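1. What follows is a predicted protein model with its sequence.
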Amino acid sequence: MPFIMTCSHKGCGKTQTPYLDKDTNEVYCSACDQIIPNVTIFTKTQMKALKQYRQKEKKSFSVKCEKCGKEERPKVISDDVVCGACSKSLDKLSPFFKNMLKTQLMKADKEI
């Protein structure tokens, strides 16, 4: 059963299930997405044991780059599909997948 806390920020004050960020070891309110201060080490340890971590946001059409290791949404630059993080060409993708990515990314960019 996950921890339930009341957010201490003005304007929020909601009782919710907070999340622990693995990288910074900070606890975030799931309603207002702000850091909840003064959370004890015991609570953070228990949240780690319960795997009550902050969920990563997935982007559509994201591809993992072989060169930088990041999983980002690729970009189309001069009719080539490149990594969204390091802007290097994604050579390992099949030609059919590259064509599908080009058309879908152009459609998604037009909608925005």
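-> In hand now; what should we look at?

2. Just the buried positions in the longest helix along the chain, please.
-> Longest helix in the chain, counting residues (DSSP state H): helix 95-111. Applying a neighbour-count criterion of 16 or more other CB atoms under 10 Å, one finds 98, 101, 105 buried in helix 95-111. Yep, even glycine has a C-beta here, placed from its N, CA and C like the rest.

3. swap in stretch 36-54?
-> The neighbour-count check on stretch 36-54 (16+ other CB under 10 Å) flags 36, 39, 43-44, 47, 52, 54 as buried.

4. measure the nearest residue to Met5 once chain neighbours are set aside to Leu93 for me?
-> Distance criterion CB to CB, 6 or more residues apart in numbering; nearest residue to Met5, sequence neighbours excluded, is Pro18 at 5.1 Å. Distance of Pro18 to Leu93, given as CB to CB, to the nearest Å: 38 Å.

5. Who is Lys64 paired with across the strands?
-> In this entry, Lys64 is beta-bridged to Glu71, by DSSP bridges.

6. quick one: pLDDT of it?
-> pLDDT for Lys64: 84.

7. same check, this time on the one 10 residues further on
-> Reported pLDDT at Pro74 in the predicted model: 86.

8. ditto for Lys22
-> In this model, Lys22 is scored at 85, pLDDT.

9. what about it, helix or strand, and which?
-> Here Lys22 sits in a region with no helix or strand, counting by DSSP states H and E.

10. who's in contact with it?
-> For Lys22, the contacting residues are 53-54, by CB atoms under 8 Å, 6 or more residues apart in numbering.

11. what's the distance between it and Asp91?
-> 31 Å.

12. where along the protein do the strands fall?
-> 5-6, 15-16, 19-20, 27-28, 63-64, 71-72, 75-77, 80-82 (DSSP state E).

13. most tightly surrounded among the ones you listed?
-> The highest average neighbour count among the strands of the chain, using mean count of other CB atoms under 10 Å, belongs to strand 19-20 at a mean of 21.
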